[in-house]
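[1] requesting a structural model of the entry that follows:
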Amino acid sequence: MVDTVFGLGGDLSVRRLGFGTGGLVGPGYWGPRGDRERARELLRAAVEGGVGLIDTADNYGPDLAEELIAEALYPYADGLVIATKGGVVRTGPDEWHVAGRPEQLRAACEASLRRLRVDRIDLYQLHRFDPALPEAEQLGVLGQLRAEGKIRHIGLDSVGADQLAQALETEAVASVQNAFHLMDRSAAPVLALCEAEGIAFLPYYPLGSGALTRDGSAALAAVAAAHGAGPGQIALAWLLHHSPVLCPTPGTGSPVHLAENLAAAAITLSPAELALLDALAP
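    A predicted model of the protein is given here:
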């Protein structure tokens, strides 16, 4: 059976299948999605279902996802890791702008601390490097925030392997978030470096923005049928089998889909099934 636990940052033990909060806000990550209490109930159900890692960002809503997490889960259960992101400012549905100046990153982190009602954020991820500024300058302020005790670990979002290697010369990095799923493995070089360095890789869009649950492939459907599971569950199980550092955090606004996603951790894929699925990537 695949190991479902990862030591995030070397000192935080979390179940590798977490929960992403993008589905709790409206289309384009803007505004609310339905009833606020329904979102809070879904967060509670995720934790009750065994989720130990919740992934969010300050620009989901904006602000809304972090507020919902605190409303639903504060005071937080022992061992629950809340990961959030800063460095992007959203101005409308699917409209966002990079904001990586040191004073912007510091203000964003401190605002997330207030919304989440914590003194320290376990995992604070730079949502994007600001191309207008030296990367070392942006990493430097995150290092300062860590030294001040405001964040515990640093993560990076949407980076290349060379970028990550260079960042590691400046600061310890506990996590990376890049697109990666059964049909998109373009970030394989980043994954390889994460494996070598013991860095968690939190693949965003682990279900291909829903495409793998809707369409999939004949091979994926066949493996799913053999397990009495859905294609999305097999896609998540494949991630857990593919690399011990992959920690998918699929998001949903549906209690039914949440239960289905969490059940994927119990699926054991055979070597033949893994070979079949491995061959699917373009």
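[2] and stretch 203-213, average pLDDT?
    Confidence for stretch 203-213, expressed as mean pLDDT, is 83.
[3] export that stretch as CSV, just CAs?
    Taking C-alpha atoms only, stretch 203-213 is exported to CSV below (Å, rounded to 0.1, in the frame of the first residue of the first chain):
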residue,chain,number,x,y,z
PRO,A,203,0.1,19.6,-7.8
TYR,A,204,-2.6,22.2,-8.7
TYR,A,205,-5.4,21.0,-11.0
PRO,A,206,-4.7,17.4,-10.0
LEU,A,207,-7.8,16.4,-11.8
GLY,A,208,-7.1,18.6,-14.9
SER,A,209,-9.7,21.2,-13.9
GLY,A,210,-12.3,18.4,-13.9
ALA,A,211,-11.4,17.1,-17.4
LEU,A,212,-10.2,13.8,-15.9
THR,A,213,-13.5,13.2,-14.1
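[4] what is the helix or strand hosting residue 219 packed up against?
    With elements taken from DSSP states H and E, the one containing residue 219 is helix 218-227. Helices and strands touching helix 218-227, as assessed by 3 or more Cβ pairs under 8 Å, 6 or more residues apart in numbering; DSSP states H and E, comprise helix 231-242, helix 271-278. Bear in mind the C-beta positions are built from the backbone N, C-alpha and C, glycine included.
[5] any chance of the ones you listed in JSON lines, plus mean neighbour count and mean pLDDT?
    Converted to JSON lines, the helices and strands packed on helix 218-227 look like this (neighbours: other Cβ atoms under 10 Å; pLDDT from 0 to 100):
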{"stretch": "helix 231-242", "mean neighbour count": "24", "mean pLDDT": "96"}
{"stretch": "helix 271-278", "mean neighbour count": "14", "mean pLDDT": "96"}
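[6] wait, which of these is closest to residue 122?
    helix 231-242 (21.4 Å; Cβ to Cβ).
[7] show residues contacting that closest one.
    For helix 231-242, contacts defined as Cβ atoms under 8 Å, 6 or more residues apart in numbering pick out 2, 4, 16-17, 180-182, 203, 206-208, 212-213, 216, 220-221, 223-224, 227, 229, 246, 248, 250, 257, 260-261, 263-265, 267-269, 274, 277-278.
[8] let's go with 6 Å and repeat that
    Applying Cβ atoms under 6 Å, 6 or more residues apart in numbering, the contact partners of helix 231-242 are 2, 16, 182, 206-207, 212-213, 216, 220, 223-224, 246, 248, 260, 264, 267, 269, 274, 277.
[9] same question for stretch 77-90.
    Outside stretch 77-90, the residues that touch it by Cβ under 6 Å, 6+ apart are 12, 14, 52-59, 62, 96-97, 99-100, 105, 108-109, 112, 122-123, 125-128.
[10] list the buried ones in stretch 159-176?
    In terms of neighbour count (16 or more other Cβ atoms under 10 Å), stretch 159-176 has its buried residues at 159, 161, 164, 167, 170-171, 173-176.
[11] how long is stretch 79-98 from one end to the other?
    One end of stretch 79-98 sits 31 Å from the other (Cα to Cα, to the nearest Å).
[12] ranges for the helices of the stretch 101-250 of the chain?
    Ranges of helices in the stretch 101-250 of the chain, per DSSP state H, counting those that start in this stretch, are 102-116, 135-147, 161-168, 188-197, 211-214, 218-227, 231-242.
[13] buried ones in the shortest one?
    If I follow you right, that is helix 211-214. 211-213.
[14] now do that helix: everything it contacts.
    By Cβ under 6 Å, 6+ apart, the surrounding residues in contact with helix 211-214 are 207, 231-232, 235.
[15] state the pair within those residues that is farthest apart.
    Put simply, by Cβ to Cβ the two of the contacts of helix 211-214 set farthest apart are 207 and 231, 8.8 Å from each other.
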